[in-house]
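Visitor: Okay, predicted coordinates and the sequence, questions at the end:
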Amino acid sequence: MSQQIATLGVVGLGNMGLAMATTLAGKGFAVRGHDISPARRALAAGAGIAVSATLAEMLAGADALVFSLPLARDVEAVVTAPGGLLDRRDRKVVVIDTSTSDPGTSRRLAAQLAAAGHGLLDAPVSGGPSGAAAGTLTMMIGGAAEDYALARPVLEAMSARAPHVGPSGAGNIVKLVNNLLVAAHLVTTGEAMRLSEAAGLSAAEAVAVVNTATGRSAVSEVMLPRWVLPGTFDSGFSAGLMRKDVRLALELAAETGLDLPLSEHVARIWRDAADRLPDSADFTRMADYRETPESQDESQDD
């Protein structure tokens, strides 16, 4: 007999997590949120989200859980928390992990949860805080088919697209492939726009044509007009998170024995830019064609 999901717990109330919690509450779910940061818990409460003061309270009462956490080790800490999910036997709980993690960790945690009667979907997302707030994310789902079916009402409330791409770990593989491409596109698009400006054609004029031609990408079609051309750089996704995703992608390549020379060079560019593009900066700054490395160094000193 299928179980209904009425009460959702959202663990991690950062830019993405809080937007997801608010969207899910607006779609009729009873949502409780938790974050280790008192400031984020207060912000969520101010947005009308019921807040659990402790993680144990959250894990004990939710029908399903949505994780939005920075690192794989944070996901593991929540899944294996003493007295938490691994000890629950009152019902099956499906964890929808929207964090970008490594496939190996997802597979291992999925096996632990399955042994306790629960499920884990690795469900990384694309679309940023604005997509989370609008419920229009693209989600990439790895995990068991029965867990996907149980969680489907939640996935549909959060996203415009949430395909089940394969078994546990598959969602994270797709996300790492996607973000490796985005990292490269930010570098190449920024360089191409710098070339256009140096040759006498504005980036705005050049990208308008590129976006009708074969050089276009999500970076040129969305990120440049929305965040780079106006100089707002407020997509809500940090350079530090992109560095983490590129690192995970290259670690996956090493595990599979692949040599990816261009991707390795992209990873070096992101690493070497850390002084002028700190982890706290918006990741779209990598495509800022207006700034040379020297001027970026100066802007960080302002």
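Guide: In hand now; what should we look at?
Visitor: use CA for all of it now, contacts and neighbours both
Guide: Fine.
Visitor: any chance you could map the helices in the stretch 201-302 of the chain?
Guide: For the stretch 201-302 of the chain, applying DSSP state H, counting those that start in this stretch gives helices covering 203-210, 218, 239-256, 261-272, 293-301.
Visitor: Can you say which of these is packed in most?
Guide: helix 239-256 (a mean of 19; mean count of other C-alpha atoms under 10 Å).
Visitor: Using CSV, list the CA coordinates for that one.
Guide: What follows is helix 239-256, C-alpha atoms only, in CSV (Å, rounded to 0.1, in the frame of the first residue of the first chain):
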residue,chain,number,x,y,z
ALA,A,239,32.2,30.4,-6.9
GLY,A,240,33.2,28.1,-4.0
LEU,A,241,30.3,25.7,-4.8
MET,A,242,31.3,25.6,-8.5
ARG,A,243,34.9,24.9,-7.5
LYS,A,244,33.6,22.0,-5.3
ASP,A,245,31.5,20.6,-8.2
VAL,A,246,34.5,20.8,-10.7
ARG,A,247,36.7,19.1,-8.1
LEU,A,248,34.1,16.3,-7.7
ALA,A,249,33.8,15.9,-11.4
LEU,A,250,37.6,15.5,-11.8
GLU,A,251,37.7,13.1,-8.9
LEU,A,252,35.1,11.0,-10.7
ALA,A,253,37.2,11.1,-13.8
ALA,A,254,40.2,9.8,-11.9
GLU,A,255,38.1,7.0,-10.3
THR,A,256,37.1,5.9,-13.8
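Visitor: quick revisit: put together CSV for the helices of the stretch 201-302 of the chain, with distance to residue 19 on each row.
Guide: Listed next are these as CSV, based on distance: least, C-alpha to C-alpha, whole Å:
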stretch, distance to residue 19
helix 203-210, 31
helix 218, 22
helix 239-256, 18
helix 261-272, 28
helix 293-301, 29
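Visitor: Tell me which of the ones you listed sits nearest to residue 75.
Guide: Closest to residue 75 of those, according to C-alpha to C-alpha: helix 239-256, at 15.0 Å.
Visitor: That closest one - what's its average pLDDT?
Guide: Averaging pLDDT along helix 239-256 yields 96.
Visitor: what's that helix packed up against?
Guide: helix 170-198, helix 261-272 (3 or more C-alpha pairs under 8 Å, 6 or more residues apart in numbering; DSSP states H and E).
Visitor: how close does the most centrally placed residue in the chain get to residue 234?
Guide: Central residue of the chain (C-alpha atoms, centre = their mean): residue 125, 5.0 Å from the mean position. From residue 125 across to residue 234, the span is 18 Å (C-alpha to C-alpha, to the nearest Å).
Visitor: same question, residue 166
Guide: From residue 166 across to residue 234, the span is 33 Å (C-alpha to C-alpha).
Visitor: for residue 123, same thing?
Guide: From residue 123 to residue 234 the distance is 24 Å (C-alpha to C-alpha).
Visitor: what do you get for residue 167?
Guide: For residue 167, the distance to residue 234 - C-alpha to C-alpha - is 34 Å.
Visitor: How about residue 189?
Guide: Residue 189 is 18 Å from residue 234, by C-alpha to C-alpha.
Visitor: Would you mind telling me which of those two has more residues around it?
Guide: Set residue 189 next to residue 234 and count neighbours by other C-alpha atoms under 10 Å: residue 189 wins out with 22 against 15.
Visitor: Touching, that one and residue 221? I think so.
Guide: No: the criterion here is C-alpha atoms under 8 Å, and residue 189 misses it with residue 221 at 10.7 Å.
Visitor: ok, the nearest residue to residue 210 once chain neighbours are set aside - how many residues close by?
Guide: Excluding its sequence neighbours, the residue lying closest to residue 210 (C-alpha to C-alpha, 6 or more residues apart in numbering) is residue 216, at 5.5 Å. By other C-alpha under 10 Å, the residues close to residue 216 number 17.
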